[in-house]
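J.: fold the following and give me the result.
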Amino acid sequence: QVQLVESGGGLVQAGGSLRLSCAASGRTLNSYTMGWFRQAPGKEREFVAFIIRTGAGSYYADSVKGRFAISRDNAKNTVYLQMNSLKPEDTAGYYCAASLDGPSTQARGYAYWGQGTQVTVSS
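T.: Presented below is the predicted three-dimensional model:
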């Protein structure tokens with residue numbers, strides 16, 4: 001079973017950047033599709049991006065396309081989410097997730113989750 005720990009969240013002004021990291025332990029990440037999701041207070045958890053096992057393909061929610069970039073370093077057992085041009089509506093808890101079942105934009109497609117890291121974007 002893989003354990004995931006996110007880091008890199010914080011407070012940033014609109015237009016700024018943050019890079020989130022998701023470090024895995026217990027299993028090597030190269031068997032997993034990795035995803036990032038976010039959840040704002042009072043809202044459902046929503047898909048942000050996923051990256052396939054090899055890192056050769058990725059997919060983004062329309063709301064972050066062109067601003068966010070997901071990447072992975074399987075040798076370091078870490079997945080990243082580079083977030084640029086941040087907006088106040090990006091404020092949320094950000095969660096990484098792992099799936100052995102292949103790519104999905106649905107939270108139920110991921111069996112393993114981190115505890116989340118908070119991102120707050122001020123206007």
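J.: model confidence score at the residue nearest in space to the middle of the chain, please.
T.: When the chain is reduced to its mean C-alpha position, the closest residue under CA atoms, centre = their mean turns out to be residue 36, at 2.5 Å. Per-residue confidence for residue 36 comes out at a pLDDT of 98.
J.: contacts only, for it.
T.: If you count contacts by CB atoms under 8 Å, 6 or more residues apart in numbering, residue 36 has them with 20, 22, 48-50, 70, 79, 81, 94-97. Every residue, glycine included, has its C-beta placed from N, CA and C.
J.: closest to residue 40 out of the residues you listed?
T.: Of all the contacts of residue 36, residue 40 sits closest to residue 94, with 10.4 Å by CB to CB.
J.: count of neighbours near the closest one?
T.: Counted with other CB atoms under 10 Å, the burial measure for residue 94 works out to 23 neighbours.
J.: now, the contacts of residue 36 that are in strands?
T.: Of those, the ones assigned to strands by DSSP state E are 20, 22, 48-50, 70, 79, 81, 94-97.
J.: in whichever strand or helix holds the residue nearest to the centre of the chain, what counts as buried?
T.: Residue 36 is located in strand 33-39, with elements delineated by DSSP states H and E. The neighbour-count check on strand 33-39 (16 or more other CB atoms under 10 Å) flags 33-38 as buried.
J.: contacts only, for the spatially closest residue to residue 105 that is not a sequence neighbour.
T.: Distance criterion CB to CB, 6 or more residues apart in numbering; nearest residue to residue 105, sequence neighbours excluded, is residue 47 at 4.3 Å. Taking CB under 8 Å, 6+ apart as the contact definition, residue 47 lies against 35, 37, 61, 105-107.
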